[in-house]
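[1] Provided below are the primary sequence and the corresponding predicted coordinates.
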Amino acid sequence: MLNAEIKFITSTDNTLVKEVVKLQLKKRARDESRLFVIEGYRENLRAFEAGIKIEKLFFCPEWFLKDANDELIEKIGNSGAELIEVAKNTFKKLSYRDRPDGFISVAKQPDVDLNNIKINDSSVLLVVEQIEKPGNLGTLLRGCDATGVDGLIVCDPVTDIFNPNVVRASTGALFSTPVAVAKDAKQTITWLKEKGIRIFSTTPHTENIYWDVNFKTSGPIAIVAGAEQYGLTDVWMKESDELVKLPMSGAADSLNISVSSIVCLYEALRQRKS
């Protein structure tokens, strides 16, 4: 039973509509407010189930694709969120998608401090440095969710993890994977070493092919990857316990970071569970 009131908006000039658009387009607005936008039924369901605090839910029945929409609206509304039904054309202005599904929310950003990552002796982490493309970051989050790793550390971020394109590309995995953001490589390496986490950095400048590397070493490990164009910064090469590469048999000298990282994660998890 829904215990919350529902507002109705038809105008694209409404203040609440402008707030959503601003949060979508401007990182500064997200940083200052500590809010972000979540679009999509599945993404909002996963955010709600993960305990993300949703402050406002905008919905439009004319765009709905699923049968369980009313149930999700009820759950989010009864959690204390403000509910706003939006006219079809107005919702289209709010949406980042070619084909919206009728759900957009404004939520509080979860804490992304390094110390929120919980580790144990069997933990596997993924660390990525200077990732530029939101789509890559979203796919990496999906890979972390799929492999069940204990966390993703975004080091020296170029892309804001609360960018709406990251949220969309992750299909909600942003909320099921523990995520931390670190200022730079130095901070990340210091934290990893303090926690006794062995560092396996990916680079083409090694003879160690990933399937020959011993990921089964005792204690927690971190697989580290950098942006495709430049790779990891030199400090990682100096501070890593081991360097790892994927063999390249064709003309290309590298793979997309999300592909190469996920391949390594699956191999590490295969070894550590065997």
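    Happy to help now that I have it.

[2] which stretches of this protein form strands?
    6-9, 35-39, 54-59, 82-86, 103-108, 124-129, 151-155, 179-182, 198-202, 221-226, 242-244 (DSSP state E).

[3] List the buried residues of the last one.
    Meaning strand 242-244. 243-244 (16 or more other Cβ atoms under 10 Å). The way it works is simple: take the backbone N, C-alpha and C, and place the C-beta from them, glycine included.

[4] by contact count, what packs against it?
    strand 198-202 (3 or more Cβ pairs under 8 Å, 6 or more residues apart in numbering; DSSP states H and E).

[5] what sits against the spatially most central residue of the chain?
    Most central in the chain under Cα atoms, centre = their mean is residue 174, positioned 3.6 Å from the mean C-alpha point. For residue 174, the contacting residues are 138, 141, 161, 166-167, by Cβ atoms under 8 Å, 6 or more residues apart in numbering.

[6] Tabulate those residues (a markdown table), appending distance to residue 37, neighbour count and pLDDT.
    Putting the contacts of residue 174 into a markdown table (distance: Cβ to Cβ, whole Å; neighbours: other Cβ atoms under 10 Å; pLDDT from 0 to 100) gives the following:
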| residue | distance to residue 37 | neighbour count | pLDDT |
| --- | --- | --- | --- |
| 138 | 14 | 24 | 95 |
| 141 | 16 | 27 | 96 |
| 161 | 13 | 23 | 95 |
| 166 | 11 | 24 | 95 |
| 167 | 7 | 28 | 94 |
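
[7] I'd like these written out as CSV, with distance to residue 95 added.
    Rendered in CSV, the data for these read as follows (distance: Cβ to Cβ, whole Å):
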residue, distance to residue 95
138, 17
141, 21
161, 21
166, 16
167, 13
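
[8] Quick check: pLDDT value at residue 224.
    Residue 224 carries a pLDDT value of 97.

[9] Actually, residue 274.
    74.

[10] How about the contacts made by it?
    Counting by Cβ under 8 Å, 6+ apart, residue 274 has contacts residue 216.
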